[in-house]
Structure formats: C-alpha cells, structure tokens
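Chemist: pasting the sequence and the predicted model now:
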Amino acid sequence: MPMGREPTLFDFYADNLEMLAETIGETLGRPVTIEDANHRLVAYSSHAPDTDPARLATIVGRRVPDQVISSLWHGGVIRCLLESNKPVRIAAIPDVGLSERVAVAIRSNAAVIGFIWVLQAGKPFTDEEMSLLEAAASAARNKLVQWPLQRHKEEAAHKDFFWQLLTGHIRTEAHIREKAQSIGIVLPALFYIAVLEFTHTIEERQQQQALESFASFAAHCRIVLCVSDKNQLILLSAPTVHKTKAAIGRQLELADGNLRARFGARYAGLASGNLYEEYGRLETSYREALLLLQVKRRLPEETSRLHYYSDLGFYRYLPLIWEEAGKHSFENESLARLRAYDREHHGELVHTLEVFLAYDSNVKAAADALHVHANTLNYRLKRIGEIGGIDLTDMEQKVTLYLDFKTEKFGGGRDL
C-alpha cells in the first residue's frame with residue numbers, strides 16, 4: 001500500500017487477484033476483469049447476466065480478442081489508459097461486442113503492468129465509484145508484479161494435473177479433489193471432455209483463436225482446463241446454464257459452426273464425451289470423445305452433425321465389430337455372392353441393397369435415390385434375395401447386412 005493512502009476493502013484481498021476481482025465486482029455491482037499489460041486474462045468476477053460478447057470471448061480465450069484490441073487502439077482508448085493515472089470512460093464499440101465500460105491502468109512505478117475493466121451495465125459510474133476503481137488498481141499492483149512467474153508455475157501444474165486425469169493416472173475421487181484444491185483449481189459439479197481437432201499441429205496462437213471461437217458458447221459453458229496434443233485441443237468443460245444432453249449438443253453444434261467459419265479447411269471437427277459427476281471417469285469422457293472423432297473421420301456423411309458421444313448410437317460399436325471381424329477373418333457370405341455376381345455381370349446389386357437398407361426398406365424412396373423405376377428396384381431386390389440367399393422381410397438379416405455395410409465403410413472400404 002502506497003505511503004499516505006488509507007487502506008481500503010480491496011487491500012484485504014490484494015494477495016489474491018481472483019478474490020480482488022470478485023470484491024471489486026461486488027462493491028461496484030458490475031462485471032470485472034483484470035488483465036496484464038499484454039491483455040492476457042488474469043482474473044475475473046463471476047458471470048453476470050449483462051456480460052457482453054467481448055468479455056465472454058476474453059474469459060474463454062484467456063486473452064482479449066485481437067479485433068477488440070485493434071478497435072481500442074484505433075479509438076485512442078489504449079493510449080488514454082497508458083497516459084492517465086485515473087480511470088477512463090470508454091464508449092461502446094458494437095462491431096466487436098464491446099459495451100460501455102470504465103478501465104484503469106495498474107502501474108508499478110511508471111510502467112503499466114495491467115488493467116482493470118468494469119462494464120457499465122446500464123448505470124453510469126459515480127465519482128465515488130471512479131475513486132474506488134482507482135483504489136482497486138493500487139491494491140492490485142504488488143500481486144500483479146508477481147503474476148507472470150506465478151502464471152507459468154500454475155499453468156504447468158494445471159496441465160500436468162489434467163494429463164494425469166486424462167490418462168487415468170489418478171482415479172480416486174478424494175485424491176483428485178485434494179490435488180485440485182492444492183493447485184487452485186475449482187472443480188465444477190458436472191463436466192465433460194471436448195476435443196477440437198485440426199488438420200495440422202496446433203500452435204499457441206491457433207489455440208488462442210480456437211478458444212476465442214467458443215465465445216458464443218461461453219455463456220453456457222466454462223472451460224476449466226485446456227491442453228494441446230499435436231493437432232488436438234483438449235478441454236475440460238462444464239455446463240453453467242442448461243445441463244441436459246440436448247442443450248449441450250446444441251451448444252456444441254454452435255461451437256462447431258464458429259470454429260469452421262474461423263478456420264475453414266484447417267479445422268477437422270469437434271467431439272465431446274458424456275457428462276459426468278465423478279472425476280474418476282474423466283478418462284472415460286476423453287476416450288468417448290476420441291472414439292467419436294474416429295467414427296466421424298471414417299463416416300463423415302453419416303456422422304458430420306454428431307458432436308456428443310451419447311448421440312452416436314450404434315456407430316459407437318463399429319470399431320469393436322471391425323476389430324472382431326478382423327480377428328476371425330469374417331466374411332459376409334451373402335454380400336460375397338452378390339459382389340461376385342456384380343463383377344461377372346457388371347451389376348449393381350450390392351449398391352442397390354445398401355441404398356434399400358439405408359432408406360429403411362422403403363421401395364419408393366430407395367428407387368428415387370437410385371434413379372430407377374420402382375418395378376426395376378423390385379426386380380433387383382428379387383435377384384438379391386435369390387443370389388444372396390437373403391430374406392428381405394427378416395429384420396435380423398437386414399440389420400446384420402446394414403451393420404456389415406457400415407462396418408466395411410468404417411474399415412476403409414475393405415470387405416468383411
């Protein structure tokens with residue numbers, strides 16, 4: 001605390017920037033973020049209903065988005081903050097999702113080491129509140145000076161802990177929660193693992209952009225931990241509002257659209273494991289997400305819109321079926337006979353059967369898809385039954401054939 005200044009409420013929380021952000025937010029009745037000099041997120045107060053898109057993107061991406069920083073520079077805001085010891089009123093910039101707010105620079109001697117941003121939230125700041133914000137900046141000074149070193153240590157500890165959970169190195173619930181508490185991680189009541197996949201190794205800058213693309217998702221989800229693994233970004237996520245399977249699926253679809261728009265062909269897709277309460281099952285959620293990604297890569301047409309593991313249906317069993325078939329050199333004899341006939345007579349019986357099954361044995365729909373008359377299709381179906389020894393009124397036979405088609409496709413087109 002500087003000489004000559006009376007202690008304030010903020011000084012009691014100066015050793016913990018997260019608590020300081022909460023205290024500022026509660027005192028002023030507005031959402032607060034604390035950033036370092038490079039606009040990386042240091043701490044923030046709890047979500048509020050009047051949080052704006054720019055703040056959400058900052059929280060999710062752990063840094064102020066580039067377009068927001070650029071707009072603040074062009075508008076002269078950053079320059080004012082660097083030159084002023086007092087809080088600065090900032091007008092809204094709707095194009096980048098920035099609502100009205102007040103900000104103040106945090107200084108160590110003459111150097112700016114960070115900023116405190118407070119949303120106006122529909123009520124103009126009084127002179128007293130501006131003075132309180134100035135006092136808060138003074139209280140944050142000493143801890144923020146230490147923050148870079150502390151940040152690197154915490155990030156390393158958090159990533160190591162996350163990998164221990166992902167690989168099942170620690171499974172006991174009590175041990176997990178004790179370890180999390182010791183390194184400052186607050187574990188949410190419910191969680192799932194989301195994996196974002198790219199076509200090439202994901203660099204730090206790309207990781208940042210990917211997290212920013214979750215901005216519209218942030219009001220419904222909290223990113224607790226994050227690590228990268230070659231071309232994948234792995235997130236420990238927690239729903240904050242709607243905690244149903246359907247709601248999570250919708251939000252994942254929205255996030256998928258944001259990422260595809262941002263990265264184009266460089267983005268391969270995302271997948272999420274199921275929602276769990278027990279952190280001993282975190283590895284399970286991770287493996288579910290990886291399996292979903294595997295199926296999506298092999299069967300893109302059928303599964304491109306699936307993002308949540310529980311929506312995968314029977315497709316989740318295809319890797320096991322394919323593995324089992326490979327062990328026993330299994331071959332579907334009916335399909336083998338049809339393929340032999342097609343090769344000899346340049347026929348399309350196998351393709352016809354596959355389309356017929358895909359359209360739930362609906363002759364009209366299948367005929368339309370094949371661009372043939374219904375009578376032509378019925379003739380082909382009769383030949384399929386005769387040559388393949390298939391009863392197309394037998395549900396068990398049809399289900400077996402349908403699964404074999406999908407399993408072959410999953411295996412890269414190689415016959416079972």
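Modeler: Structure received.

Chemist: use CA for all of it now, contacts and neighbours both
Modeler: Noted.

Chemist: domains of the protein?
Modeler: Residue ranges for the domains of the chain, per automatic domain parsing: 9-146, 167-311, 323-410.

Chemist: so can I have JSON lines of those showing mean neighbour count?
Modeler: Below are the domains of the chain laid out as JSON lines (neighbours: other CA atoms under 10 Å):
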{"stretch": "domain 9-146", "mean neighbour count": "19"}
{"stretch": "domain 167-311", "mean neighbour count": "18"}
{"stretch": "domain 323-410", "mean neighbour count": "16"}
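
Chemist: redo these as TSV? Include mean pLDDT and distance to His158.
Modeler: Output for the domains of the chain, formatted as TSV (pLDDT from 0 to 100; distance: least, CA to CA, whole Å):
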stretch	mean pLDDT	distance to His158
domain 9-146	88	15
domain 167-311	89	7
domain 323-410	93	36
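
Chemist: can I get these in TSV with distance to Ala156?
Modeler: Shown next, in TSV, are the domains of the chain (distance: least, CA to CA, whole Å):
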stretch	distance to Ala156
domain 9-146	16
domain 167-311	10
domain 323-410	38
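
Chemist: centre-most residue in the chain?
Modeler: Centroid-nearest residue in the chain: Ala194, 5.1 Å away (criterion: CA atoms, centre = their mean).

Chemist: what about Thr244, distance to Arg250?
Modeler: Noted for Thr244: a distance of 10 Å to Arg250, by CA to CA, to the nearest Å.

Chemist: need the residues that contact the helix or strand where Val295 lies.
Modeler: In the assignment (DSSP states H and E), Val295 maps to helix 282-298. If you take CA atoms under 8 Å, 6 or more residues apart in numbering as the criterion, helix 282-298 is touched by 165-168, 192-195, 269-276, 302-304, 306-309, 312, 315-316, 409-412.

Chemist: for stretch 108-118, same thing?
Modeler: Against stretch 108-118 from outside (CA under 8 Å, 6+ apart): 25, 30-39, 82, 101-107, 137, 141-142, 144-145.

Chemist: ok so, going back, in strands only, show me the contacts of helix 282-298.
Modeler: Among those, the ones falling in strands (DSSP state E) are 192-195, 269-272.

Chemist: next, Val224: secondary structure please.
Modeler: Secondary structure assignment for Val224 (DSSP: H, G, I helix; E, B strand; the rest coil): strand.

Chemist: on that earlier part again, Phe161: which of the domains of the chain is closest?
Modeler: domain 167-311 (7.7 Å; CA to CA).

Chemist: tell me which of the contacts of stretch 108-118 fall in strands.
Modeler: Short answer: the contacts of stretch 108-118 in strands (DSSP E) are 32-36, 101-107.

Chemist: ok, which pair from those residues is furthest apart?
Modeler: Using CA to CA, the two most remote members of these are Arg101 and Arg107, lying 19.7 Å apart.

Chemist: and stretch 164-173, end to end?
Modeler: Chord length of stretch 164-173, first to last residue, is 13 Å (CA to CA).
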